[in-house]
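Engineer: Any chance you can model this:
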Amino acid sequence: MSELLRHGDPVVRRVPQLARFRARCAALTEQDLTMPQVLHRWTVEHFRDFWGEFLRWADLAWEGSAETVCAGDDVETARFFPDVRLNYAENLLRPLLDVDDNAVALTAVHHDGGAEHLTRAGLRRRVTAAATALAAAGVSTGDRVVVIAPNTAATVVAVLATTALGAAVSTAMPDMGPAALRGRLEQVEPAVLIVDRAGSGDWAGAPGDTLATLLDGLPTVRTVLLLDDQPLPAASGLPVHRWDTTAEETDGTPAEWPRLPFDSPLFVMFTSGATGPPKAMVHGIGGTLLEHLKEHRLHLDLAPGDVYLHHSTTAWMVWNRQLSALGAGCRIVLSDRALSGPETLWELAAEQGVTVLGTSPAYLQLCQDAGYRPRDAVDLTALRAVLSSGAVLHDWQFDWVADAVGDLPLQSISGGTDIIGAFVLGHPELPVRRGRIQARGLGMDVAAVDAQGRELVGEAGELVCRNPFPSRPVAFLRDLNGARRHAAYFAANPGMWTHGDVIEFDPDGSSRLHGRSDGVLNVDGVRIGPTEIYAVLRQITGVRDAMAVEQRHPTVPGATRLTLLVVLEDGVQPSADLARSIRTSLRRQASAAHVPSLILPVPALPLTHNGKKSERAARYVLDGEPVANLTALRNPDSVDGIARALSAAERDAYHAAADDAATDGLAATAGRLWRETLGPTADDEHTFTDLGGTSRQAMTLVRQVRQVLGRDVGLEKFMADPTLPGLIAAATAAPQADDAPHVVRLAAGDPALPPLFFVHDAWGDIDVYWPLAQLLTGTGPLFGLRADLQAPDGTRRLIGDLAADHVAEIARVTPAGPVRVAGHSFGGLVAYETARQLTAAGRTVDFLGLVDVLPPAAMLTSPERLVHEMVDRVSLLFPSMRNVTLREMVTERLRPSSAAADRQIFVQTTTVANEHAPGPYAGPVAYFRARRRLPGHHVLTAWRRNAPRLTVIDVPGAHHDVLGQQHVVEAARRWSRALAEANRGTAERQPIVLPDPSGAPPVATRPVDSWAR
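Structural biologist: Below is the predicted model of the structure:
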């Protein structure tokens, strides 16, 4: 029977599993193991007794002999359970005595909010059928399979089916670039490639797509299996099949699930690339299973009745670790939802009754910064523990969880892919100390040591483990003599495993993590292995050496940026061509996250006396701080060279800005706007994207070109040649902004469906809608309605007047038939009024889309207005929620006239918006609400008072980037579904007359029954 008793909700836990296991060990050893530190010391000093007893206590399915627990005492070479044979999938899916086989074991929540539930028996049947299908495709023991797929039930079935047959599996995310995927997966030499391309547009279609590029680098692949329903790729010379993992029955005799030796390959995983090219490490079946179940059952106390959600992707070892929790009899919750806002995980946890939630310090900080309080927003009564992994958890975050989440343990965990587990983690019987990790892992002699390998207590040192443990990687691929594995973990401190973390232990065994000691970068929350950058730079002629450094951002508080120090070959001079080659190569061969914000040519890189590069010394210089210990450097003058290079870059940026200010003319002004948008070091030859420009910044740039230069450069024209010369050419050829048409066709659409008119933004522009318009399906022709927001007397035009103009323009373009209107933010207010006036004139508006439209102050009740104003003031502390820096916000409040021109226009338009009082509207309204938002900023009750037929559709992003590049694909999916509903809701359609906005004669189109489409 489970030790869980329920008294309503939440779960009431009487006796931790650790207590039962400890009692068993104490009885066998006749020792008092009550104190946690005493128990840990026994598991280390007698690690063979501990692991042997745990194998028996865990009641796993295995065969052979466990008499030899560990052959050898050397941390590097010892082998565990050489005579034990077992199967990973069998141990996760077998029936358990205290678990209902028909109870839900896995819940997969999709990005659209839908959920799929599988019972333990149902999951076992699916894996059995999938394993049989894989065996028929030729997969067998010893093969390697790569699964590139998101965090879904189908992915779990594919992985478990692979392991059931005794093949090793490596998982990755579809959104990784082809170069990054090939750099890892070519080492795996897979026999079968399993791919889910859904939601990843680069995976299929044009020649040179990701799948074709990947297959070119994986010559060992015999078969490709597709988990999605997208079109089959062009002929690749390989068998390509669709694979349905939802089947629960086999066509014949189920394939055998062999029990294999303890160290047989199970997972192939990759290092971060901090100390060399990403290494392909192989983890064994037995070591992975024992370590995971030890952590789940003894440290985390997961048991039948628990619901475990640990936010992850398939590219991180946390995904594999959560998967093993099926062996503990609990239910696991998967999700392929993006973290679009502070509420995402908490809402999911409340919906699914999660008892143990795993997240990261970055997400907890996001919640705190947004002022989000989960305990006030959702029902978390089932939750009993929060786990945090992936980075250092700060002291103040413990305080925030206690205050904003609840009185429950916040357990920080540290380990990693290298051991597919944790060295330090939680403990069910120990208190949580603020800022500290509770305990060492049982069976692991973990310590902090100095440079001579001596143990440190109360002082930070290198994290090591001084005894063998089962979850060490059994091998590295392409490492026949084990030299790479030895160099990675055992060379630095002979006789110990050296992990690469800096840690401090107290006498009570609790610890504080200080971060990585191997140079992994974490820029704006994106972890970057610097050697992935170095691998690309090795291909660039003229670069001798380089160092990637995470620098404190000089103007954005709390942010960091990636700075690249480069040492050039003799005779090579810094040039724009070389900088362009570096940036372009990194973007194309790695990712946008690998493109540095600043490239500094330097004479030399700082080196320690043993020849290692000192990223720490370089970071001190770039951050403007004194280098802590110059005597530790072999070449201390290198720090002066870095300081001079940084000063020169800052001086050049200053002079460029001064030259712009002193020079008139279109080209000079365009250059100034270019650098204001991208940063002072942005040159005039790189493309906008290679310089790190986002879609939002592109819209800002073309808007400023209109305002400052008076030239109507559309976003699509700029993106055709997104360089500074291209911008200058487009601006030169563009018409004057005053002569620009008020109605612009954004996309052709289906002429048989009603046209959709997007209403301009707070500056009168429509560029924000252009990316969305290219992705929408199930819609008629798409138009943008532009406007001059300023009246002849210089005042701002009222929303009612703007709407009247749009009604007239819509009537000119579409004289009869139903129409659709939509708008974002200020444009949404105008769209709402436009729909009201169209309806009053007798026109049918069968779709009104409001994109995160905040209710105007005139629309709110007094209490609502008070809350809204308070939230608006609090938002000053969170500039990222407003797409504006703190300096800009303070300036526009204290000295409005000195703010940038576009900010002044925005403030004036906001004033007009807040003075507008929307009237009632009886038609249907689709309200697209940004997930990442400050509480209180969305008073939907105000909208529902005026528009009772309002439907809320959550979309990823914050208010300012809800239609931005990183979110527009998902937004388009949700828009298209909403438009499909509008199509189904109209049984008959009137003929739609659609003249070209330029004045061409109208053409009547035939009505089409939308159901037939």
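Engineer: residue ranges of the helices in the stretch 351-500 of the chain, please?
Structural biologist: Assigned by DSSP state H, counting those that start in this stretch, the stretch 351-500 of the chain shows helices spanning 361-369, 374-377, 395-404, 483-489.
Engineer: Select, out of these, the one closest to Pro948.
Structural biologist: Minimum separation from Pro948 across the helices of the stretch 351-500 of the chain (CB to CB) falls at helix 374-377, 24.5 Å. For every residue, glycine as well, the C-beta is placed using N, CA and C.
Engineer: before we move on, back to that, and the helices of the stretch 351-500 of the chain as a markdown table, adding mean pLDDT, distance to Asp98 and mean neighbour count?
Structural biologist: Output for those, formatted as a markdown table (pLDDT from 0 to 100; distance: least, CB to CB, whole Å; neighbours: other CB atoms under 10 Å):
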| stretch | mean pLDDT | distance to Asp98 | mean neighbour count |
| --- | --- | --- | --- |
| helix 361-369 | 82 | 33 | 19 |
| helix 374-377 | 96 | 31 | 16 |
| helix 395-404 | 92 | 31 | 16 |
| helix 483-489 | 92 | 38 | 18 |
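Engineer: will you turn those helices into TSV that also has distance to Phe476?
Structural biologist: As requested, the helices of the stretch 351-500 of the chain are exported to TSV (distance: least, CB to CB, whole Å):
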stretch	distance to Phe476
helix 361-369	29
helix 374-377	41
helix 395-404	35
helix 483-489	5
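Engineer: right, and the ones you listed - which one's nearest Ile533?
Structural biologist: Here helix 483-489 is closest among these (CB to CB), at 19.2 Å.
Engineer: For the closest one, name the packing helices and strands.
Structural biologist: strand 475-476, strand 497-505 (3 or more CB pairs under 8 Å, 6 or more residues apart in numbering; DSSP states H and E).
Engineer: Tell me which of these is the most buried.
Structural biologist: Across the helices and strands packed on helix 483-489, averaging neighbours per residue (mean count of other CB atoms under 10 Å) puts strand 497-505 on top, at a mean of 22.
Engineer: Check which helices and strands that one sits against.
Structural biologist: Looks like strand 497-505 contacts strand 414-416, strand 446-449, strand 461-465, helix 483-489, strand 511-516 (3+ CB pairs under 8 Å, 6+ apart).
Engineer: Show residues contacting that strand.
Structural biologist: Residues from elsewhere that reach strand 497-505 (CB atoms under 8 Å, 6 or more residues apart in numbering): 75-76, 274-275, 414, 416, 418-419, 423-424, 447-448, 456-466, 469, 472, 489-492, 511-518.
Engineer: ok, 7 Å please
Structural biologist: Outside strand 497-505, the residues that touch it by CB atoms under 7 Å, 6 or more residues apart in numbering are 75, 414, 418, 423, 447-448, 457-460, 462-465, 472, 489-490, 492, 511-518.
Engineer: about what we covered before: mind telling me which of the helices and strands packed on helix 483-489 the model trusts least?
Structural biologist: Of all the helices and strands packed on helix 483-489, mean pLDDT reaches its minimum on strand 497-505 (a mean of 90).
Engineer: and the angle for that one with strand 461-465?
Structural biologist: 130 degrees (axes from the mean of the first three to the mean of the last three CA atoms, to 10 degrees).
Engineer: hey, where'd the helices end up in the stretch 101-250 of the chain?
Structural biologist: Going by DSSP H, counting those that start in this stretch, the stretch 101-250 of the chain shows helices at 120-136, 153-164, 178-185, 210-216.
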